[in-house]
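Asker: heads up, no residue letters with this:
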């Protein structure tokens, strides 16, 4: 049903979590169903050095 590449990402997701004291973050959500996503980033020398995401719902 799903390709091996999709299953690989599902079974071993990358960049999941939250960065402590991030340089920036963004949040988006749906108040009707309660879904929410938060992305945190760390920036160094004008480039994204690390990025993580967390989803709920």
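Answerer: On my side now, so go ahead. Note that the coordinates shown come from a computational prediction; the quantities given were computed from them, not determined experimentally.

Asker: residues in contact with the helix or strand bottoming out on mean pLDDT in the chain?
Answerer: One helix or strand of the chain scores below all others by mean pLDDT, DSSP states H and E: helix 4-11, with a mean of 94. Here helix 4-11 makes contact (C-beta atoms under 8 Å, 6 or more residues apart in numbering) with residue 2. For glycine as for every other residue, the C-beta is placed from the backbone atoms N, C-alpha and C.

Asker: what sits against the nearest residue to residue 49 once chain neighbours are set aside?
Answerer: Nearest non-adjacent residue to residue 49, counting by C-beta to C-beta, 6 or more residues apart in numbering: residue 42, 4.8 Å away. Applying C-beta under 8 Å, 6+ apart to residue 42 gives the contacts 19, 22-23, 48-51.

Asker: also residue 40?
Answerer: So residue 40 contacts 18-19, 22, 24-25, 51-54 (C-beta under 8 Å, 6+ apart).

Asker: separation between it and residue 27?
Answerer: 10 Å (C-beta to C-beta, to the nearest Å).

Asker: any idea how far the residue nearest to residue 49 lies from residue 25?
Answerer: In terms of C-beta to C-beta, residue 42 sits 10 Å off from residue 25.

Asker: which residue packs closest to residue 24, ignoring adjacent ones?
Answerer: Residue 24's closest residue in space is residue 41 (C-beta to C-beta, 6+ apart), at 4.8 Å.

Asker: parallel or antiparallel, which strands does the one helix or strand residue 41 maps to pair with?
Answerer: For residue 41, the element it lies in under DSSP states H and E is strand 36-44. Using DSSP bridges, the strands paired with strand 36-44 are strand 24-29 (antiparallel), strand 47-56 (antiparallel).

Asker: how far off centre is stretch 31-48?
Answerer: Remark: stretch 31-48 is offset 6 Å from the chain centroid, using C-alpha atoms, centre = their mean, to the nearest Å.

Asker: now that stretch: buried residues?
Answerer: 38-42 (16 or more other C-beta atoms under 10 Å).

Asker: for those, give me CSV that also has distance to residue 12 and pLDDT.
Answerer: Converted to CSV, the buried residues of stretch 31-48 look like this (distance: C-beta to C-beta, whole Å; pLDDT from 0 to 100):
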residue, distance to residue 12, pLDDT
38, 21, 97
39, 19, 98
40, 20, 98
41, 22, 98
42, 22, 98
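
Asker: all good on my end, thank you.
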